[in-house]
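Enquirer: Prediction below, plus the sequence it came from.
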Amino acid sequence: MASWAIKFAVASVFTVQFAFGQQTSPSVPQSAEQTKQAQQKEDSQRMLGVLPQFAVTNEKHPPPLMPRQKFRLCYRTAFDPVEFGVVGFEAGISQANDSFSGYGQGASGYAKRYGAAFTDQASSDFFTNFAYPVLLKQDPRYFRMGEGSVKRRIGHALAQEFVGHKDGGDATFNWPTALGALTAGSISNTYYPAEDRGFGLTMTRSGVALLYGSLGGLGSEFWPDISRKLHRHKDKLSAGDQTQKK
């Protein structure tokens, strides 16, 4: 399993090389009003109207986030009410499959799995969206392409897990995401059952986390397009109903 994680990391290098050739120029100044409007829009973004997408920006040259804004992003993402439900669902699946069998079954086993899943999520958010972005002066947000061919946008979405942006706007390796996955995976060794600990398992979990992040980028990239099409279809249906009533 550890070898799979290493292969995935090597493959990511080629993804990074592909994406660096598509990066835009550094950020340009925006007015205070533009900055405020962009922040308000990001604060309300949700996929399917439910799943939070606070770490996604549609701006080509967004202003950098201050440390307090990065902490707010971390806090809102980790403690959004929806996340508690998602964690509960994950814990239920884990218990049904008897994953982390050392936790046992029953209410006690479920509570342990819930606590582990929540700690995984919270620690990942802390290091990926706040700690490392502040220390390394990088932007933790997903930079949505929003236009161009589907092929280019897919490549862009998959690469964003490895290609980040400095606070000044320049492209760079996404150290917060890579280090955040590895740090959160390492910390999990303090509360996972003994048989689910170790270097190999940590590397595997970190690789899987990066893979899921890349796939999540596809949702961040294309959901606004899907949402607009769904709303247009709904508007057409509403207009048709009104015409029939007349």
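Expert: Yes, it's here. Residues are numbered from 1 along each chain as shown.

Enquirer: Kindly list the longest helix within this protein.
Expert: Longest helix in the chain by number of residues, with DSSP state H as the criterion: helix 199-245.

Enquirer: Packing partners of that one?
Expert: helix 2-20, strand 142-143, helix 150-159, helix 175-187 (3 or more Cβ pairs under 8 Å, 6 or more residues apart in numbering; DSSP states H and E). Yep, even glycine has a C-beta here, placed from its N, CA and C like the rest.

Enquirer: And for the shortest one, what's in contact with it?
Expert: Outside strand 142-143, the residues that touch it by Cβ atoms under 8 Å, 6 or more residues apart in numbering are 55-57, 62, 160, 165, 217, 220-221.

Enquirer: Next one, pLDDT for the most centrally placed residue in the chain please.
Expert: Nearest to the mean C-alpha position of the chain, by Cα atoms, centre = their mean, lies residue 213 at 5.5 Å. Looking at residue 213, its pLDDT reads 90.

Enquirer: Wait, it touches residue 161, no?
Expert: Yes: between residue 213 and residue 161 there is a contact at 4.4 Å, judged by Cβ atoms under 8 Å.

Enquirer: shared neighbours of these two, which are they?
Expert: residue 177.

Enquirer: ok so, going back, separation between the residue nearest to the centre of the chain and residue 157?
Expert: 10 Å (Cβ to Cβ, to the nearest Å).

Enquirer: what residue ranges in this structure score low on pLDDT?
Expert: Scanning the chain for pLDDT under 70 picks out the ranges 1-44, 233-246.

Enquirer: Please repeat the previous calculation with a cut-off of 90.
Expert: 1-55, 58-62, 146-147, 160, 168-169, 212, 214-216, 219, 223-246 (pLDDT under 90).

Enquirer: Ends of stretch 137-155, what's the gap?
Expert: In stretch 137-155, first residue to last residue: 25 Å (Cα to Cα, to the nearest Å).

Enquirer: Could you give me the buried positions within that stretch?
Expert: 138-145, 153, 155 (16 or more other Cβ atoms under 10 Å).

Enquirer: Pull the distance from that stretch to the chain's centre.
Expert: Centre-to-centre, stretch 137-155 and its host chain are 13 Å apart (Cα atoms, centre = their mean, to the nearest Å).

Enquirer: ok, now stretch 217-225?
Expert: 12 Å.

Enquirer: Name the surrounding residues that touch it.
Expert: Under Cβ under 8 Å, 6+ apart, the answer for stretch 217-225 is 47-48, 53, 56, 58, 142, 144-146, 153-154, 156-158, 160-161.

Enquirer: ditto for stretch 189-201
Expert: So stretch 189-201 is contacted by 1-2, 100-103, 115-116, 119, 202 (Cβ under 8 Å, 6+ apart).

Enquirer: one more time with 10 Å, if that's ok
Expert: Outside of stretch 189-201, the residues within contact range by Cβ atoms under 10 Å, 6 or more residues apart in numbering are 1-3, 5, 99-104, 112, 115-116, 119-120, 185-186, 188, 202, 204-205.

Enquirer: Separate out the buried members of the residues you listed.
Expert: 5, 100, 103, 112, 116, 119-120, 185-186, 188, 202, 204-205.

Enquirer: Tabulate these in CSV, adding columns for distance to residue 92.
Expert: Shown next, in CSV, are the buried ones among the contacts of stretch 189-201 (distance: Cβ to Cβ, whole Å):
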residue, distance to residue 92
5, 26
100, 13
103, 13
112, 13
116, 13
119, 17
120, 15
185, 22
186, 26
188, 19
202, 24
204, 23
205, 19
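
Enquirer: can you name the two of these that are farthest apart?
Expert: Largest separation among the buried ones among the contacts of stretch 189-201 by Cβ to Cβ: 5 and 112, giving 25.2 Å.
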